[in-house]
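Asks: A structural model of the following input is requested.
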Amino acid sequence: MLSGINSHPSHSPQLAIIGGGPAGLRAAEVAARAGLCVTLFDGKPSVGRKFLVAGKGGLNLTHSEALEKFATRYSGPDQPPGIWPDLLSDFDPTALRQWATDLGVETFQATSGRVYPKALKAAPLLRRWIERLRGLGVRFEMNHRCVSLEPGPPYQIGFENGATATADAVIFALGGGSWAKTGSDGAWQTLFGKLGIAQNPLAPANCGWEHAWSPEILAAAEGKPLKNLHVRAGGSTAIGELMLTRYGLEGGAIYQLGAVLRAMPKPAITIDFKPTFTHSDLLEKMQSVKRGFLDEARTRWKLSDSAHAILSQKIFTDADSLAREVKHCVIPLTKPRPLDEAISSAGGICWSETDASLMLKKLPGIFIAGEMIDWEAPTGGYLMQGCFATATRAASSAVRWLAQMTGSDRP
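Replies: Numbering: from 1, shown residues only. Have a look, this model is predicted:
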């Protein structure tokens, strides 16, 4: 039963969902289809704001790689063994594509394996999704920023605007700490800290890293891509691209290495600019060259403008030393870019605080979904898939838990 706002019938179990991003919306859908009375609260005037921001990049929904490999893309401290194969089995990439199709949104697989809506936009999908949720009876309460939670069940929820609500179960899906303007600001960590829920601080993931380039390198290479690289950090290797920026480096290759870099006392990456050639291959292409090694290598090895600019700040006595640097160019880094610039965040509620149903052990009837849990994944569709999968698990679990609480087969 909700107080201070319009409510569903009081005799039915009430599920409150806090957060209107993809995880919250998916949880609402699963729960409403199962027959629960669902009210979704969000602190902003409208839902799906971070979803729409993701749509500016074409809305990468998921990835086509085999599920066994897909599940290895997720990392985080103290993850239970096998948790991601288990979660993805609830709602896998095939299911996500079928879900979009059922909304009338066709998807396609790019050559990279990434999956996008054919329209490469988020807004049409979001509109149809909200229409479906309203048709399922989901009630939306906007401008309701959660600021308190009193023990239950039933749980008493307080909002910044002075409204209160009572719910038999609650699913929190408030996102991580990136893109604060969309409402995903991580402020919920204070609330859950007061409730005694162990968390790790939010940290930028899938973000750029800082390095002080010389003015000469920036003049020649800022904004120009470095393609087809192998980039190493610690014992990990990422394959992809980098982009030189005024503050350092951006790009998929360095995003993949974020967790490793954050754990390094002195973060640094090692770039192989020509991974398809061995050191000997490069030397063979430079036979008979006696001077001007770098300029000659630029043509013979097809070095990009950015690679040439980076290498031009070093001194080479012969082709051998240049080839070694091309295969093993170390770039020290200072720190990641600020959290609010990151595509996603690491940190959040510790896995040890939840059971397999994603319910908080200390607060029965409270479930967690999406980036609030301490996991991270690279770009490429894994982030969105992770949000959908955890939301599906949390909502399905809430349905079962409420059925058990009411002693009925159905909520």
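
Asks: rest of the way, CA atoms for contacts and neighbours
Replies: OK.

Asks: Just checking the distance from stretch 316-331 to the centre of its chain.
Replies: How far stretch 316-331 lies from its chain's middle: 36 Å, per C-alpha atoms, centre = their mean, to the nearest Å.

Asks: wait, Leu339 sits on Ala346?
Replies: No: using C-alpha atoms under 8 Å, Leu339 is not in contact with Ala346, being 9.6 Å away.

Asks: anything in contact with each of these two?
Replies: 203-205 (C-alpha atoms under 8 Å, 6 or more residues apart in numbering).

Asks: Please flag which of those sit within strands.
Replies: With DSSP state E as the criterion, strands contain 203-205 from among the shared contacts of Leu339 and Ala346.

Asks: Narrow the residues you listed to those that are buried.
Replies: 203-205 (16 or more other C-alpha atoms under 10 Å).

Asks: could you dump these to TSV with pLDDT and distance to Ala391?
Replies: TSV is the format used below for those (pLDDT from 0 to 100; distance: C-alpha to C-alpha, whole Å):
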residue	pLDDT	distance to Ala391
Ala203	96	22
Pro204	96	22
Ala205	95	21
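
Asks: could you pull out the helices for the stretch 201-350 of the chain?
Replies: All helices of the stretch 201-350 of the chain, identified by DSSP state H, counting those that start in this stretch, fall at 215-221, 252-256, 258-263, 279-285, 293-300, 305-311, 319-327.

Asks: Could you check how far Gly152 is from Gly35?
Replies: 22 Å (C-alpha to C-alpha, to the nearest Å).

Asks: Same question for Pro201.
Replies: On the measure of C-alpha to C-alpha, Pro201 and Gly35 end up 36 Å apart.

Asks: what do you get for Ser148?
Replies: 27 Å.

Asks: And for Phe70?
Replies: 32 Å.

Asks: swap in Ala122?
Replies: 27 Å.

Asks: So those two - more neighbours on which side?
Replies: Ala122 (22 against 15; other C-alpha atoms under 10 Å).

Asks: and that one, what is it in contact with?
Replies: Counting by C-alpha under 8 Å, 6+ apart, Ala122 has contacts 51-52, 54-56, 58-59.

Asks: are any of those residues buried, and which?
Replies: Buried among those by 16+ other C-alpha under 10 Å: 51-52, 54-55, 58-59.

Asks: biggest separation within these, which pair?
Replies: Phe51 and Gly58 (10.8 Å; C-alpha to C-alpha).

Asks: re earlier: can you list the buried ones among the ones in strands among the shared contacts of Leu339 and Ala346 in a markdown table and add distance to Gln79?
Replies: Formatted as a markdown table, these follow (distance: C-alpha to C-alpha, whole Å):
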| residue | distance to Gln79 |
| --- | --- |
| Ala203 | 17 |
| Pro204 | 19 |
| Ala205 | 17 |
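
Asks: out of these, which one sits closest to Ala180?
Replies: Pro204 (12.3 Å).

Asks: So what sits opposite that closest one in the bridge?
Replies: Legend: beta-bridge partners of Pro204 under DSSP bridges are Ser345.

Asks: any idea how far Pro153 is from it?
Replies: 34 Å.

Asks: next one: Thr94
Replies: Distance from Thr94 to Pro153, by C-alpha to C-alpha: 36 Å.

Asks: Which one of those two is surrounded by more residues?
Replies: Pro153 (16 against 12).

Asks: With adjacent residues omitted, what lies nearest to the more buried one?
Replies: Asp168 (5.6 Å; C-alpha to C-alpha, 6 or more residues apart in numbering).

Asks: Next up, phi/psi of the one you found, please.
Replies: Asp168 adopts backbone torsions of phi -80, psi -30, taken as degrees, to the nearest 10.

Asks: and stretch 105-123, which residues are buried?
Replies: Those would be 105-107, 114-117, 120-123, for stretch 105-123 by 16+ other C-alpha under 10 Å.

Asks: can you name the two of those that are farthest apart?
Replies: Across the buried residues of stretch 105-123 (C-alpha to C-alpha), the longest gap, 19.1 Å, separates Arg114 and Ala123.

Asks: hey, C-alpha coordinates of stretch 126-145 in CSV?
Replies: Extracted C-alpha coordinates of stretch 126-145, given in CSV (Å, rounded to 0.1, in the frame of the first residue of the first chain):
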residue,chain,number,x,y,z
LEU,A,126,12.1,3.3,-24.9
ARG,A,127,8.7,4.7,-26.0
ARG,A,128,7.4,1.2,-26.9
TRP,A,129,8.9,-0.2,-23.7
ILE,A,130,7.1,2.3,-21.5
GLU,A,131,3.8,1.8,-23.4
ARG,A,132,4.2,-2.0,-22.7
LEU,A,133,4.8,-1.3,-19.0
ARG,A,134,1.8,1.0,-18.7
GLY,A,135,-0.3,-1.7,-20.4
LEU,A,136,0.9,-4.2,-17.8
GLY,A,137,-0.3,-1.9,-15.1
VAL,A,138,3.0,-0.5,-13.9
ARG,A,139,2.6,2.8,-12.2
PHE,A,140,5.2,5.5,-12.7
GLU,A,141,6.0,8.1,-10.0
MET,A,142,8.5,10.6,-11.2
ASN,A,143,10.4,13.2,-9.2
HIS,A,144,10.6,10.8,-6.3
ARG,A,145,14.2,10.6,-5.1
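
Asks: pLDDT on that stretch, on average?
Replies: Stretch 126-145 comes out with an average pLDDT of 98.

Asks: How about stretch 85-97?
Replies: pLDDT averaged over stretch 85-97 gives 97.

Asks: Stretch 299-315 now?
Replies: 89.

Asks: Just the residues contacting that stretch, thanks.
Replies: 216-217, 220-222, 224-226, 244, 273, 282, 285-286, 294, 297-298, 325-326.
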